[in-house]
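In: Sequence first, predicted model second:
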Protein chains: 2
Amino acid sequence: MPDVIPADSVGIVTPQIAQFETPLALSCGQVLSSYQLTYETYGTLNEQASNAILICHALSGDHHAAGYHAMSDTKPGWWDSAIGPGKAIDTNRFFVISLNNLGGCCGSTGPTSINPETGQRWEANFPIVTVEDWVESQARLADLLGIQTFAAIVGGSLGGMQALEWSIRFPDRLKNAIIVASAPKLSTQNIAFNEVARQSIRRDPDFFDGNYLNHDSVPTNGLGLARMLGHITYLSDDAMGAKFGRQMRHDSYQYNYGIEFEVESYLRYQGEAFTKRFDANTYMLMTKALDYFDPAAQADGDLAAVLSKAKCEFLLVSFTTDWRFAPERSEEIVNALIKAGKPVSYAKIEAEEGHDAFLFPIPRYMTLLQTFLNRVANRLTTEAN
Amino acid sequence: MPDVIPADSVGIVTPQIAQFETPLALSCGQVLSSYQLTYETYGTLNEQASNAILICHALSGDHHAAGYHAMSDTKPGWWDSAIGPGKAIDTNRFFVISLNNLGGCCGSTGPTSINPETGQRWEANFPIVTVEDWVESQARLADLLGIQTFAAIVGGSLGGMQALEWSIRFPDRLKNAIIVASAPKLSTQNIAFNEVARQSIRRDPDFFDGNYLNHDSVPTNGLGLARMLGHITYLSDDAMGAKFGRQMRHDSYQYNYGIEFEVESYLRYQGEAFTKRFDANTYMLMTKALDYFDPAAQADGDLAAVLSKAKCEFLLVSFTTDWRFAPERSEEIVNALIKAGKPVSYAKIEAEEGHDAFLFPIPRYMTLLQTFLNRVANRLTTEAN
């Protein structure tokens, strides 16, 4: 916990809830008659409502991107290193909005919420939501907050897919899209890893076909396994090697199935910790949203044709050791944007952290974001004068 | 099933059983008072007993490497593409031995065998065995068959570790070691994947702490998951992409947890098929043998120092798209051999199949093996004359 709130922190923040009563038609064909989105904001919206930045979260993220909820918090929001006064996403200049996506388990309507039509938790009956659905719901949140056009929409990984979808679906509602460690669609291997994660959860007898809470149960074994697997794929081979190598728990091999290598202990801990903060149905929904995303499909795989609708500027960022969303995947987007004649900047950042790098305050990466966004902020000032 | 046995097949083969009554002291400290090894042989041992080749199997392999057990077999042994008359491992010239390792589930003593001291199946009480233990037991099999020195010992992946261990432990008992798609020790990431596989099995309630057969149970969910995960890591991202891409089961998304993408169906099938032929305790043992192997540890990590004992020639082979045992891992062995002043040939083969490439009859790879082994056979002839 912080003894004193650091000067470059957004400080103590309070999540807010937006209630929507206009039905939302989802990609899957179902309609959500009402729903709520939980969000946080940092910084101040200017008079022209032109300085808003939307942060889109990844698989296991939430609305709490920066600052602290209380002085007793052991750590700040998940992207605190990038968001704050004077930081890369500078809250002295921008009004930053971060929400928990629909289907989430951190305050927005999702599987753990009560279905108003039944009075029971949604659980397995919560409809599958897509990146497109999220972008629609985010646009409604923007309407509610009086934001017609975002200065920028920013996201890493699955969050980057949302930023990309915004540029296609609402080309007039964003000036810049910052897409980090992402891809225009999952590779077969990505889908395969997601399927193993889902099967891990579904095969846990405590899953009860997704209706575990109604059985006073939680599929901790399966969700923990899914997280262990995910964790391996978020880190680079080198980063795991540097962190743990073949460090042993004991002086010599024990020749049993207890902990022999520290990396085993680490993975088990990560898996278990995750089950205490995350909902298994939400995890499954998020993996499906990843699988389904493929905007080029609407133009027979021609991503450039789809992106021809975009009107914003783009910044793409990838990381050298990211093998879950490798630089080549970002470059597919870059190349499609070039083909479509769109303004795009791209940086491949040297980083050891693998896919997780997008969450780390790597100096070159932070400088890149800051420089790009400073230019965005300067233009806003010029336009206002 | 073959209508006619192909001319380059070893034909119908019958597994043999060798019974050992001399106690075997294992790395873990336990002693196996007696045990049996199931093996097959192809070709004919020459008068000098100098033309024997030992095949060491990988994680899920067995003794049935070539030929057919019956005309009704749907497919031949697991390395039939490489072993046979006129093939890379030419049974016209060599006497080839392939065994099921100790701890296996295909005929050699392992967790599914009866423990003579209890009259019950070993199950979870079967001791953990190591690569070193296997090499010891293989040397005893060689003794039994009257083979003092192997012309070559060949293995891929975990099998390559056995060939490497032979060169260190019994330097006078092999003339050549062929080590394919292997590593001098597992990386942290490899250990991590193994740990997730083991946890998948252990967390299955049908596992009963490893004593499932005594409970008339089989942990099919967990073992299937472990295999699904393993399968992803044996294939390259590109190979999976080329094979399945984003091919869908239906014309449009179904938005449920059934099969959406063909790769999901493939993985589930692979997982399920594996549970019908393989034992979960054996799978766990094999992953532990992989984790523990680290011959350089006896010389503070100096692999060259350990390999200075070796007297054989080495052929190392890696495959470009193998990310589970990447070319760099083979090159660690190559570099250590060069440092130790040992004769070593090395080829990195262009292949799309990832780690699985070592099982495929890739022409350049087969030619390489054949050329190397022809030279070995020619030398035998020269020596005999």
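Out: In hand now; what should we look at?
In: Show me which residues of the stretch 101-250 of chain A sit near chain B.
Out: A:127-128, A:185-189, A:191-193, A:195-196, A:198-200, A:202-205, A:221-222, A:224-225, A:228-229, A:232, A:235, A:237, A:240-241, A:243-246 (C-beta under 8 Å from any C-beta of the partner chain). C-betas here are computed from N, CA, C, even on glycine.
In: repeat that for 7 Å
Out: A:128, A:185, A:187-189, A:191-193, A:195-196, A:198-200, A:202-203, A:205, A:221, A:225, A:228-229, A:232, A:237, A:240-241, A:244-246 (C-beta under 7 Å from any C-beta of the partner chain).
In: residue ranges for the helices of chain A, please.
Out: Along chain A, counting by DSSP state H, helices occupy A:131-144, A:158-169, A:188-202, A:220-234, A:237-244, A:262-277, A:280-292, A:303-307, A:327-339, A:363-384.
In: Mind putting the ones you listed into TSV with mean neighbour count?
Out: Shown next, in TSV, are those (neighbours: other C-beta atoms under 10 Å in any protein chain shown):
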stretch	mean neighbour count
helix A:131-144	20
helix A:158-169	26
helix A:188-202	24
helix A:220-234	25
helix A:237-244	18
helix A:262-277	18
helix A:280-292	24
helix A:303-307	21
helix A:327-339	19
helix A:363-384	15
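In: Of all those, which one comes closest to B:A151?
Out: helix A:237-244 (35.9 Å; C-beta to C-beta).
In: Switch the helices of chain A over to TSV; also include mean pLDDT.
Out: Listed next are the helices of chain A as TSV, based on pLDDT from 0 to 100:
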stretch	mean pLDDT
helix A:131-144	98
helix A:158-169	98
helix A:188-202	97
helix A:220-234	97
helix A:237-244	93
helix A:262-277	96
helix A:280-292	98
helix A:303-307	98
helix A:327-339	98
helix A:363-384	94
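In: need those in TSV with distance to A:Y68, can you?
Out: TSV is the format used below for those (distance: least, C-beta to C-beta, whole Å):
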stretch	distance to A:Y68
helix A:131-144	23
helix A:158-169	22
helix A:188-202	31
helix A:220-234	25
helix A:237-244	27
helix A:262-277	16
helix A:280-292	24
helix A:303-307	39
helix A:327-339	32
helix A:363-384	20
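In: In contact with the closest residue to A:G61 other than its chain neighbours, which residues?
Out: Leaving aside its sequence neighbours, A:G61 sits nearest to A:W78 (C-beta to C-beta, 6 or more residues apart in numbering or on different chains; 5.7 Å). Residues in contact with A:W78 (C-beta atoms under 7 Å, 6 or more residues apart in numbering or on different chains) are A:G61, A:H64, A:A65, A:L359.
In: residues contacting the residue of the stretch 1-150 of chain A found nearest chain B?
Out: When distances are taken as C-beta to the nearest C-beta, the stretch 1-150 of chain A reaches nearest to chain B at A:C28, 3.6 Å away. Neighbour list for A:C28: A:P127, A:I128, B:Y255 [criterion: C-beta under 7 Å, 6+ apart].
In: Would you agree A:F278 is in contact with A:L59?
Out: No: under the criterion of C-beta atoms under 7 Å, A:F278 makes no contact with A:L59, lying 9.6 Å away.
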